[in-house]
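# Pasting a predicted model and its sequence here:
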Amino acid sequence: MPKIKFVQIAFFVSYNLFLMFIYGVCLYINTQGKDNFLPRLTIDYLAKAILILPFYWLIFVRLRQRSIRKRLLLHFIICPMYVRIWLFSYHFVCDMFKIGYMTGIAQVWDVYIPFLIYISQFSIFHIYEYYENYQNQLIKESDLAKAKLNSELIALKAQINPHFLYNIFNTINASIPIEQENTRELIAKLSDLFRYQLRFSQEDWVTIREEVDFLQKYLELEQARFSERLEIFIDVEKGIENTLIPPLILQPIVENAVKHAIAPLISKGKIEILIYKKEILKNQKNIQKIHFSIKDTGKKLENFDNLYNNKGIGLKNTRLRLEKLYNETLHFEALNPQGLEVWFSLVVRD
């Protein structure tokens with residue numbers, strides 16, 4: 001839950017002291033300094049400041065995640081309530097200390113002034129909130145642009161000159177004897193990986209089908225390296241294949257599993273990738289998400305600090321992209337008797 005910041009408290013106190021000072025000057029001029037209005041003025045603005053705090057907490061802390069439209073409509077209920085409670089409290093304290101206050105037709109000012117103070121304060125609060133959200137959005141977009149640029153640079157470094165590589169692959173394939181068909185297939189798959197990376201540097205979204213096809217080719221190359229030591233299982237729920245996701249969002253996680261879970265094993269290891277749709281209840285609404293789970297049967301981990309604070313570019317960049325694009329992060333869970341699951345969920349994007 002969001003917390004009230006020091007700058008907001010400082011503004012609130014300063015603003016009320018400023019209003020109290022201005023009103024005090026007006027009273028002094030109006031009474032020509034003959035009336036001792038200071039006790040009444042102190043009770044008046046102290047009551048206004050104290051009573052506005054719970055309403056501020058309700059609008060900007062408790063209900064911060066609600067839409068601005070709903071919170072603005074709520075003011076139509078809260079404002080009259082605030083004025084009425086203040087008026088009762090102010091008169092009650094004045095009567096207790098036998099301090100005079102306005103009566104009769106003049107009481108209209110005891111409604112009009114707190115109403116204006118309420119409107120002015122909450123208007124400034126909402127403007128400040130909008131400014132703060134706008135600045136956070138700019139920072140978020142800047143971080144996302146940097147993450148995208150870093151990813152593109154990684155892809156570009158790997159590409160060297162794509163057309164040059166494609167030609168070299170074709171030349172190598174043509175020079176390989178027919179008997180070594182398996183080697184020719186591996187080179188063709190490697191060529192497809194470079195082609196996909198080139199596309200990734202130019203597009204922001206790919207379908208799950210395209211991402212999984214790329215992942216399948218990558219794992220087949222790893223399987224050629226580890227032979228029977230690596231078992232692969234990929235399952236994608238039917239009907240979600242055309243859902244758009246950021247490209248290369250899974251490969252760094254799978255590569256991390258191969259490097260840190262499968263490679264150190266002497267015995268056979270397995271990587272399991274599950275992608276399916278799930279519904280979650282949020283703010284009394286059913287939200288559809290795509291769930292991605294990558295499991296391995298590597299050594300059991302007791303401490304996830306190295307994963308959460310991973311300094312590797314791929315996994316770190318993946319976590320940053322998820323945070324900026326979906327306000328999501330990577331989750332790590334130990335499996336029994338051994339192994340690790342890395343998972344995340346993304347809101348369905350058509």
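Yep, it's here. Numbers count the residues shown, from 1 in each chain.
# mind listing the strands in the stretch 251-350 of the chain by residue range?
Taking DSSP state E, counting those that start in this stretch to define them, one finds strands in the stretch 251-350 of the chain at 269-282, 285-296, 331-334, 340-347.
# what about stretch 299-319, start to end distance?
One end of stretch 299-319 to the other measures 23 Å (CA to CA, to the nearest Å).
# Next, residue 144: phi, psi?
phi -70, psi -40 (degrees, to the nearest 10).
# Could you check the pLDDT of it?
Residue 144 carries a pLDDT value of 77.
# swap in residue 1?
50.
# quick revisit: with mean pLDDT and mean neighbour count added, can I get the strands of the stretch 251-350 of the chain in CSV?
Bear in mind the C-beta positions are built from the backbone N, C-alpha and C, glycine included. Formatted as CSV, those follow (pLDDT from 0 to 100; neighbours: other CB atoms under 10 Å):
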stretch, mean pLDDT, mean neighbour count
strand 269-282, 88, 16
strand 285-296, 89, 16
strand 331-334, 89, 13
strand 340-347, 92, 18
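# need those strands in a markdown table with distance to residue 184, can you?
As requested, the strands of the stretch 251-350 of the chain are exported to a markdown table (distance: least, CB to CB, whole Å):
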| stretch | distance to residue 184 |
| --- | --- |
| strand 269-282 | 25 |
| strand 285-296 | 30 |
| strand 331-334 | 39 |
| strand 340-347 | 34 |
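# how about those, which one is nearest residue 194?
strand 269-282 (21.8 Å; CB to CB).
# any idea of the angle the closest one forms with strand 340-347?
40 degrees (axes from the mean of the first three to the mean of the last three CA atoms, to 10 degrees).
# Can you name every helix or strand that strand 269-282 contacts?
Packing partners of strand 269-282 (3 or more CB pairs under 8 Å, 6 or more residues apart in numbering; DSSP states H and E): helix 208-226, strand 230-236, helix 251-257, strand 285-296.
# Adding distance to residue 100, write the ones you listed out as JSON lines.
Shown next, in JSON lines, are the helices and strands packed on strand 269-282 (distance: least, CB to CB, whole Å):
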{"stretch": "helix 208-226", "distance to residue 100": "74"}
{"stretch": "strand 230-236", "distance to residue 100": "78"}
{"stretch": "helix 251-257", "distance to residue 100": "73"}
{"stretch": "strand 285-296", "distance to residue 100": "54"}
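# Buried deepest among those, which one?
Highest mean neighbour count among the helices and strands packed on strand 269-282 (mean count of other CB atoms under 10 Å): helix 251-257, with a mean of 21.
# before we move on, the earlier item: quick check: which of the strands of the stretch 251-350 of the chain is nearest to residue 76?
Of those, nearest to residue 76 by CB to CB is strand 285-296, at 24.4 Å.
# how much does the closest one deviate in direction from strand 340-347?
150 degrees.
# Just give me how far strand 285-296 sits from the chain centre.
16 Å (CA atoms, centre = their mean, to the nearest Å).
# before we move on, back to that, quick one: which of the helices and strands packed on strand 269-282 is nearest residue 182?
helix 208-226 (7.8 Å).
# Can I get that closest one in PDB, CA atoms only?
C-alpha atoms of helix 208-226 as PDB (Å, rounded to 0.1, in the frame of the first residue of the first chain):
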ATOM      1  CA  ILE A 208       3.800 -17.400 -28.700                       C
ATOM      2  CA  ARG A 209       4.100 -19.800 -31.600                       C
ATOM      3  CA  GLU A 210       7.000 -17.900 -33.000                       C
ATOM      4  CA  GLU A 211       8.800 -17.600 -29.700                       C
ATOM      5  CA  VAL A 212       8.300 -21.300 -29.000                       C
ATOM      6  CA  ASP A 213       9.500 -22.300 -32.400                       C
ATOM      7  CA  PHE A 214      12.700 -20.300 -31.800                       C
ATOM      8  CA  LEU A 215      13.000 -21.900 -28.400                       C
ATOM      9  CA  GLN A 216      12.600 -25.400 -29.800                       C
ATOM     10  CA  LYS A 217      15.400 -24.800 -32.300                       C
ATOM     11  CA  TYR A 218      17.600 -23.500 -29.600                       C
ATOM     12  CA  LEU A 219      17.000 -26.500 -27.300                       C
ATOM     13  CA  GLU A 220      17.500 -28.900 -30.200                       C
ATOM     14  CA  LEU A 221      21.000 -27.400 -30.700                       C
ATOM     15  CA  GLU A 222      21.600 -27.800 -26.900                       C
ATOM     16  CA  GLN A 223      20.300 -31.300 -27.200                       C
ATOM     17  CA  ALA A 224      22.900 -32.100 -29.900                       C
ATOM     18  CA  ARG A 225      25.500 -30.900 -27.400                       C
ATOM     19  CA  PHE A 226      24.300 -32.800 -24.300                       C
END
